[in-house]
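In: return atomic coordinates for the entry below.
(one chain, ligands or ions: 1)
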Amino acid sequence: MAVLEVDGLRKQYDDTVVVDDVSFDVAQGEIFGILGPNGAGKTTTVECLEGLRVPDAGHVRVLGLDPHRERAKLRQVLGVQLQKGMLPEKLRVREALALYRSFYRDGADIDRLLDDLRLTEKRNTAFEDLSGGQAQRLAIALALVGKPRIAILDELTTGLDPRAREDTWELIEQIRATGVTVLLVTHFMAEAQRLCDRIAILDRGKVVALDTPGGLIAAAGAQQRVRFRTSESFDTAVLERLGEVSEVRAERGEMVVFGTGDLLRVVSTELANHGIAATETRVEHATLDDAFLAFTGRAMDAHENV
Ligand SMILES: Nc1ncnc2c1ncn2[C@@H]1O[C@H](COP(=O)(O)OP(=O)(O)OP(=O)(O)O)[C@@H](O)[C@H]1O
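Out: Got it, this is the predicted structure:
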């Protein structure tokens, strides 16, 4: 059953269309990702679902509710992650949760939530004194304090170090295990690949692809790469004539073989058959980055990918 429905959504600011005929459904219990670069229209799309913006055209529903007209009911079922700067600096962790808990008829047990999000030790710490990871965990706790059926998490791990990021990802998996549907907005490929059951790639206001991470990678026709070094040059035709190989390229002193199937084995066998000694051989499987490149014609900028 679809708990979120977006059909033909369009939103423009002045003359610029920033969300252009966007459609997707999210099923009960899914982690659904909206992945796209800065300015793609991700936040505008979720703000329409949160009832914060009114669509110019199209139709959005959250558990059958019209988010704009039925905001009071929506608030009881939808948990939204606060953005930076939305909490007073001096407010303490437990006070913040108690305050937000009071907005709901049937909220969560705060001490249990503190425990689940590993914030019990920090319950009397002011928001301004939390580390980035702790502040992010508090933002997630605040999104969950109303016992929502759906949580919208926007740029969840931006600015976190790898350890805090990994912790946060585990938390999201635990939250899903309790039956909460998660809509995850991100421009971070590894996060989308790791967490999402399905992903809509949004680019310049349009959904350019929608599938499971594996489905996106396969549909993009993204290829594996085998990399290795050799001490002596060799005729690359010995590899190019293999059915699995589509291209052989020299890159920064390494040979890179692009292709499909059991690429590592066939390349290694062929090199051995020709007495070519390869070192530092490794295989790189296609990733969501490759799929993104294939669908949008450009890579996500490196600076956006943190
Ligand atoms: N209130 C507004 N008035 C005018 N333009 C806006 C407004 N809000 C957003 N925009 C513009 O709409 C476009 C889409 O913005 P949006 O925030 O939805 O994208 P995003 O994919 O969430 O990007 P980011 O990852 O940077 O938040 C951007 O070009 C942005 O500058």
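In: so who does residue 196 touch?
Out: Neighbour list for residue 196: 31, 32, 33, 35, 184, 213 [criterion: CB atoms under 8 Å, 6 or more residues apart in numbering]. Glycine gets a C-beta too; all of them are placed from N, C-alpha and C.
In: do the same with residue 262
Out: Counting by CB under 8 Å, 6+ apart, residue 262 makes contact with residue 244.
In: so who does residue 266 touch?
Out: 242, 244, 245.
In: can you pick the most crowded of those?
Out: Among those, residue 245 has the most neighbours (other CB atoms under 10 Å), with 22 neighbours.
In: the closest residue in space to residue 299 that isn't next to it in sequence sits in which helix or strand?
Out: Counting by CB to CB, 6 or more residues apart in numbering, residue 299 lies nearest to residue 293, which is 5.2 Å off, once chain neighbours are set aside. According to DSSP states H and E, residue 293 maps onto helix 288-296.
In: that helix and the ligand in contact?
Out: No. Using CB under 6 Å from any ligand atom, helix 288-296 never reaches the ligand; the gap is at least 12.9 Å.
In: and the spatially most central residue of the chain, what helix or strand is that in?
Out: Centroid-nearest residue in the chain: residue 192, 2.9 Å away (criterion: CA atoms, centre = their mean). Secondary structure from DSSP H and E places residue 192 in helix 189-195.
In: what comes into contact with that helix?
Out: 31, 33, 35, 156-157, 165, 169, 172-173, 182, 184, 186, 199, 213, 287-289, 292, 300, 305.
In: same check, this time on stretch 276-295
Out: Against stretch 276-295 from outside (CB under 8 Å, 6+ apart): 35, 189-190, 192-193, 199, 201, 203, 208-209, 213, 216-217, 219-232, 234, 238, 254-255, 263-264, 268, 271, 299-300.
In: export it as CSV, just CAs?
Out: Provided in CSV are the C-alpha atoms of stretch 276-295 (Å, rounded to 0.1, in the frame of the first residue of the first chain):
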residue,chain,number,x,y,z
ILE,A,276,51.9,-11.2,-19.1
ALA,A,277,52.6,-10.6,-15.4
ALA,A,278,49.9,-8.4,-13.8
THR,A,279,50.2,-6.8,-10.3
GLU,A,280,47.9,-4.9,-8.1
THR,A,281,44.9,-6.5,-9.9
ARG,A,282,41.6,-5.4,-8.5
VAL,A,283,38.0,-5.3,-9.7
GLU,A,284,35.7,-2.2,-9.2
HIS,A,285,32.0,-2.9,-9.5
ALA,A,286,29.6,-0.4,-10.9
THR,A,287,28.2,1.9,-8.3
LEU,A,288,25.3,4.4,-8.0
ASP,A,289,27.8,7.1,-9.0
ASP,A,290,28.2,5.4,-12.4
ALA,A,291,24.4,5.1,-12.7
PHE,A,292,24.0,8.8,-11.8
LEU,A,293,26.5,9.7,-14.4
ALA,A,294,24.7,7.6,-17.0
PHE,A,295,21.3,9.1,-16.2
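In: pLDDT (mean, whole number) over it?
Out: Across stretch 276-295, pLDDT averages out at 89.
In: what residues does this protein have near the ligand?
Out: So far as CB under 6 Å from any ligand atom goes, the chain lies against the ligand at 13, 18, 36, 38, 39, 40, 41, 42, 43, 44, 187.
In: follow-up on the earlier one: which of the contacts of stretch 276-295 are buried?
Out: With neighbours counted by 16 or more other CB atoms under 10 Å, these contain buried members at 35, 189-190, 192-193, 199, 201, 203, 208-209, 213, 216-217, 220, 222-228, 238, 255, 263-264, 271, 300.
In: restricted to strands, list those.
Out: 35, 199, 201, 203, 208, 209, 224, 225, 226, 227, 228, 255 (DSSP state E).
In: turn those residues into CSV, columns for pLDDT.
Out: Formatted as CSV, these follow (pLDDT from 0 to 100):
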residue, pLDDT
35, 94
199, 96
201, 94
203, 93
208, 94
209, 94
224, 87
225, 91
226, 94
227, 95
228, 95
255, 95
